[in-house]
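Participant: Turn this into a structure:
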Amino acid sequence: MKSGFVAILGRPNAGKSTLLNALTGEKVAIVSAKPQTTRNRIAGVVEVPARKGVHPAAQIVFVDTPGVHKPGSHLDRRMLQEVYEALETRDVVLMLMDATRRVQLEEAAEPAAEPKRERTNWASEDEFLFGLIRKLDCPVFLLLTKIDLVAKDQLLPLIDTLTRHFGFAQVIPVSARKRDGMDLLVRKIVEALPVGERYYPKDQYTDQPQRFMVAELIRESILVETGEEVPYASAVVIERYEEAEPPAPPRKKNQPPARLPLTRIAAAIYCERDGQKAILIGKGGSKLKEIGTGARHKIESLIGTRVYLELHVIVEPGWRESKSFVESLDWRNQLERLAGDQITAKPPDEDGSV
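Facilitator: Predicted coordinates for the structure are as follows:
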């Protein structure tokens with residue numbers, strides 16, 4: 001068996017999250033047309049069955065990363081740190097380039113030219129992205145995404161331009177929406193992975209806890225329902241998550257339960273200014289209701305129960321520049337804090353009461 005970590009790298013709107021969801025067949029990462037949608041490293045686990053005479057069975061752990069962009073706030077710098085951390089543990093890197101977008105790179109003489117010296121001031125985000133992969137010692141695949149939106153005769157000049165700057169192990173045009181090139185991509189990844197054991201149970205498709213996925217679905221609804229600066233200044237924190245009790249067994253044989261159980265969730269939406277809060281709430285609470293309704297349907301689909309969702313908006317001025325606040329949004333830190341709260345909670349009396 002083969003197994004390994006595959007980091008997904010690219011600029012904002014390159015289609016990284018769409019690719020991850022298509023590969024896993026699950027809603028692992030939220031998707032929107034707005035840049036900087038992904039803020040954390042997100043793992044999607046794919047089990048690949050053996051194909052006789054082609055490749056052995058494999059477990060591929062895809063790691064989606066925030067879009068590479070020039071940082072302007074502490075939140076941006078934290079997102080870039082997520083990229084660096086994903087590149088520290090990887091066996092293969094997929095570098096995604098949007099085939100519909102003009103690439104901004106300096107001229108390169110030949111594909112096999114010597115690597116450029118490291119720079120600290122990049123002329124473009126594309127140059128910065130290539131600067132990252134030049135430091136790697138693992139196979140890097142170039143994936144041209146959204147190929148269903150461009151004419152085929154435009155791909156060859158783009159491939160020629162990009163391969164002059166780096167010797168990619170594979171160049172694969174893909175369309176996650178139409179699944180073009182996806183089977184070839186998986187096959188080439190399996191070939192490049194080392195022999196190893198599974199990192200995750202066979203039936204697990206992500207490393208994210210459910211409450212973090214719920215927070216992300218609420219944030220996705222904000223991205224859909226609001227515009228201008230509001231999505232970028234918004235963060236979601238789950239304050240209460242009461243899992244539903246299992247449904248009572250049917251009173252008669254083969255009779256389904258009367259209703260699905262109910263999960264109660266309360267979440268805070270943080271923003272930076274009173275004007276943003278007013279937009280999020282809307283006239284008479286209309287916008288907040290739209291955000292909640294859209295999120296609730298997605299959450300019910302995710303967890304398989306009815307959901308009672310309570311949302312409220314809090315103004316936290318300049319939170320994107322607050323290191324402590326930004327760090328608190330990381331679900332790994334949230335899990336540590338929750339575990340600490342459970343340890344310090346008052347132990348039950350001998351009779352079982354609290």
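
Participant: going forward, measure contacts between C-alpha atoms and count neighbours the same way
Facilitator: OK.

Participant: tell me the strands in the stretch 251-354 of the chain, going along the chain?
Facilitator: 262-271, 306-315 (DSSP state E, counting those that start in this stretch).

Participant: Residue 326: which of those strands is closest?
Facilitator: Each of the strands of the stretch 251-354 of the chain was scored for nearness to residue 326 using CA to CA, and the closest is strand 262-271 (11.4 Å).

Participant: What residues sit buried inside that closest one?
Facilitator: Across strand 262-271, burial judged by 16 or more other CA atoms under 10 Å covers 262, 263, 265, 267, 268, 269, 270, 271.

Participant: Run the chain-centre distance for it.
Facilitator: 20 Å (CA atoms, centre = their mean, to the nearest Å).

Participant: Save the buried residues of strand 262-271 as TSV, and put in pLDDT and distance to residue 58 too.
Facilitator: Listed next are these as TSV, based on pLDDT from 0 to 100; distance: CA to CA, whole Å:
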residue	pLDDT	distance to residue 58
262	93	37
263	95	36
265	97	37
267	97	38
268	97	40
269	98	40
270	97	41
271	97	43
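
Participant: ok, of these, which one's closest to residue 286?
Facilitator: Of those, the one sitting nearest to residue 286 (CA to CA) turns out to be residue 269, at 15.3 Å.

Participant: OK, contacts around that closest one?
Facilitator: 234, 235, 236, 237, 311, 312, 313, 314 (CA atoms under 8 Å, 6 or more residues apart in numbering).

Participant: Give the buried subset of the residues you listed as a ChimeraX selection command.
Facilitator: Per 16+ other CA under 10 Å, the buried members of those correspond to this ChimeraX selection:
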select :234,235,236,237,311,313,314
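
Participant: In CSV, list the contacts of residue 269 along with distance to residue 9 and pLDDT.
Facilitator: What follows is the contacts of residue 269, written out as CSV (distance: CA to CA, whole Å; pLDDT from 0 to 100):
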residue, distance to residue 9, pLDDT
234, 24, 96
235, 23, 96
236, 25, 97
237, 26, 95
311, 33, 98
312, 34, 97
313, 33, 98
314, 33, 97
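
Participant: Which two among the contacts of residue 269 are spaced furthest apart?
Facilitator: Going by CA to CA, the pair spanning the contacts of residue 269 furthest: 234 and 311, at 13.1 Å.

Participant: average model confidence for the longest helix anywhere in the chain?
Facilitator: Counting residues, the longest helix found in the chain (DSSP state H) is helix 286-303. Averaged across helix 286-303, pLDDT comes to 96.

Participant: Pull out the buried residues from that helix.
Facilitator: 287, 288, 289, 290, 291, 292, 294, 295, 296, 298, 299, 300.

Participant: what does that helix contact?
Facilitator: 214, 217-218, 220-222, 225, 279-282, 306-311.

Participant: And those, which of them are buried?
Facilitator: 214, 217-218, 220-222, 225, 279-281, 306-307, 309-311.

Participant: re earlier: with distance to residue 206 added, can I get the contacts of residue 269 in JSON lines?
Facilitator: Shown next, in JSON lines, are those (distance: CA to CA, whole Å):
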{"residue": "234", "distance to residue 206": "24"}
{"residue": "235", "distance to residue 206": "21"}
{"residue": "236", "distance to residue 206": "20"}
{"residue": "237", "distance to residue 206": "20"}
{"residue": "311", "distance to residue 206": "26"}
{"residue": "312", "distance to residue 206": "28"}
{"residue": "313", "distance to residue 206": "29"}
{"residue": "314", "distance to residue 206": "30"}
